[in-house]
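A.B. asks: Just the structure for this:
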Amino acid sequence: MNVIRLSRFLGWFSIGLGAMQILCGRTLARKLGMTGRTKLFRAFGVREVTNGLAILANPGSAPLLWARVAGDALDMATLAGTPSFGRRERATVKIALAAVAGVALLDILCATRLSTESNRDLEYLPPYWD
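C.D. replies: This next block holds a predicted model:
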């Protein structure tokens, strides 16, 4: 897979996710058992959109992908510290954590590939990451 194409995909994904967080922040907070944290979700949405636009403007920039990784870590820390009160909210938080972890893996792989200067440094990655 072409790393620039993956980077662009992650940029568009950031924009879509951020737009959803901005527009549906109250609903997301309620579903995750974080009622009253709507502003936090909207702030995370602004971060996602901003980072996505920056990635689309410069898809070969490793620091922008590492910024996504940092954002994923912040999202996971926030979700892990969620005071979920009901069974449904706890299940939703677990699903959200799994989704963020999956995207974080793609972010890490893409950022790692963009950060390296030669293919020798990537011997541990599958060949389709060239």
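
A.B. asks: Can you name every helix or strand that the helix-or-strand element of the chain with minimal mean pLDDT contacts?
C.D. replies: Taking mean pLDDT, DSSP states H and E as the measure, the chain has helix 25-31 as its least confident helix or strand, at a mean of 88. Here helix 25-31 touches helix 38-57, going by 3 or more C-beta pairs under 8 Å, 6 or more residues apart in numbering; DSSP states H and E. For the C-beta atoms, the positions are set from N, CA and C on the backbone; glycine is no exception.

A.B. asks: so how far is the helix it packs on from its chain's centroid?
C.D. replies: 10 Å (C-alpha atoms, centre = their mean, to the nearest Å).

A.B. asks: what's that helix packed up against?
C.D. replies: helix 3-23, helix 25-31, helix 62-80.

A.B. asks: what's the average pLDDT for it?
C.D. replies: Averaging pLDDT along helix 38-57 gives 95.

A.B. asks: what angle do it and helix 62-80 make?
C.D. replies: Counting by axes from the mean of the first three to the mean of the last three C-alpha atoms, to 10 degrees, helix 38-57 lies at 160 degrees to helix 62-80.

A.B. asks: now the angle from helix 38-57 to helix 3-23?
C.D. replies: Going by the same axes, to 10 degrees, helix 38-57 makes 150 degrees with helix 3-23.

A.B. asks: Residues contacting helix 38-57, please?
C.D. replies: Helix 38-57 is contacted by residues 7-8, 10-23, 25-26, 28-29, 34, 61, 64-65, 67-68, 71, 74-75, 78 when judged by C-beta atoms under 8 Å, 6 or more residues apart in numbering.
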